[in-house]
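Participant: just to be clear, the model below is a prediction. Sequence and coordinates:
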Amino acid sequence: MKRTRSQSKGFSLLELMFVLAILAILAAILLPKGLDALRSSRVHQAVRTTDTLKTALVDFINLPGGNGSFPRTEGAGIPTSGAALTGATDAAKGNGARLDAVLLAAGRLAHPLSLRMGSQTYVSTGTGNEMQWSQALQAFTMTPDAAPLRNWNGVTRMEARTSNPLLAPSMAQGANFRLDGVTNRPANAIIAYLVIVGVPANEAHEFALSLNAPQLAPVLGAPCDIGQVAYALPVNGVTDVYVYLAEI
């Protein structure tokens, strides 16, 4: 069959350029909206997880056979059992102990902590056995007894430490929060907090906006020293975020 001219005719260069221009415009419009939606989804999941952790802490504090508290997992005073573990340095014990592991061992959390916001690393550095929480002893143990070699500092996790009202929240690494925007936490309190590692600056800002009252809105790209969320000045566009959970 002989083809007609209209059947064999292809697209002209001008028509192709016109189609590509339309696609570029659509991408410029839709891509930012898609990225905003993904960021908001990650922030909302982090907010829901924060609420879950607060509930789990309350349940743990009220456990029968407990002491109406939660243990320190950072700094001095980390409760341990066993000569080698107890004799280890505060830094080594702090690297190995996590409050979310305590809640998991006590059955207050159903699953290990996992967030889509921030770093997606959930494996410790170092080798050796893990520190395990004993609800009966109200202490961390290790079998066989040894100094801890694991380090969870680069992982999103829950921690608890003694308050330090002399430090600005953005530099306190969970030891201080100004929940009303002005007042430091009292001295000698034990603060439980969530650490989210490696959060992009815009997500850290949106997360703080979601948890804080409107009058405690942080400045985008600056340190956050007010409200339930604290973080240092972002470096290379990311920062570690500290979230207030509870104190005793």
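Facilitator: That came through, no problem.
Participant: would you map the helices across the chain?
Facilitator: For the chain, the helices defined by DSSP state H cover 5-8, 13-61, 83-86, 90-96, 99-105, 201-211.
Participant: which of the ones you listed comes out lowest on mean pLDDT?
Facilitator: When these are ranked by mean pLDDT, helix 5-8 comes last with a mean of 50.
Participant: picking up where we left off before, now the helices of the chain in JSON lines, with mean neighbour count?
Facilitator: All C-beta spots, glycine's among them, are computed from the backbone N, C-alpha and C. Compiled in JSON lines, those are given as follows (neighbours: other C-beta atoms under 10 Å):
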{"stretch": "helix 5-8", "mean neighbour count": "7"}
{"stretch": "helix 13-61", "mean neighbour count": "13"}
{"stretch": "helix 83-86", "mean neighbour count": "15"}
{"stretch": "helix 90-96", "mean neighbour count": "20"}
{"stretch": "helix 99-105", "mean neighbour count": "22"}
{"stretch": "helix 201-211", "mean neighbour count": "21"}
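Participant: just send those back as a markdown table, with distance to Met158 too.
Facilitator: Formatted as a markdown table, the helices of the chain follow (distance: least, C-beta to C-beta, whole Å):
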| stretch | distance to Met158 |
| --- | --- |
| helix 5-8 | 68 |
| helix 13-61 | 6 |
| helix 83-86 | 20 |
| helix 90-96 | 13 |
| helix 99-105 | 4 |
| helix 201-211 | 16 |
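Participant: looking at these, which is closest to Ala189?
Facilitator: helix 13-61 (14.1 Å; C-beta to C-beta).
Participant: contacts only, for Arg98.
Facilitator: Arg98 is in contact with 73, 152, 157-159, counting by C-beta atoms under 8 Å, 6 or more residues apart in numbering.
Participant: Gln173 is nearest to which of the helices of the chain?
Facilitator: Here helix 90-96 is closest among the helices of the chain (C-beta to C-beta), at 10.8 Å.
Participant: what residues does that closest one touch?
Facilitator: With C-beta under 8 Å, 6+ apart, helix 90-96 has contacts from 73-76, 78, 80, 85, 126, 130-131, 140, 147-153.
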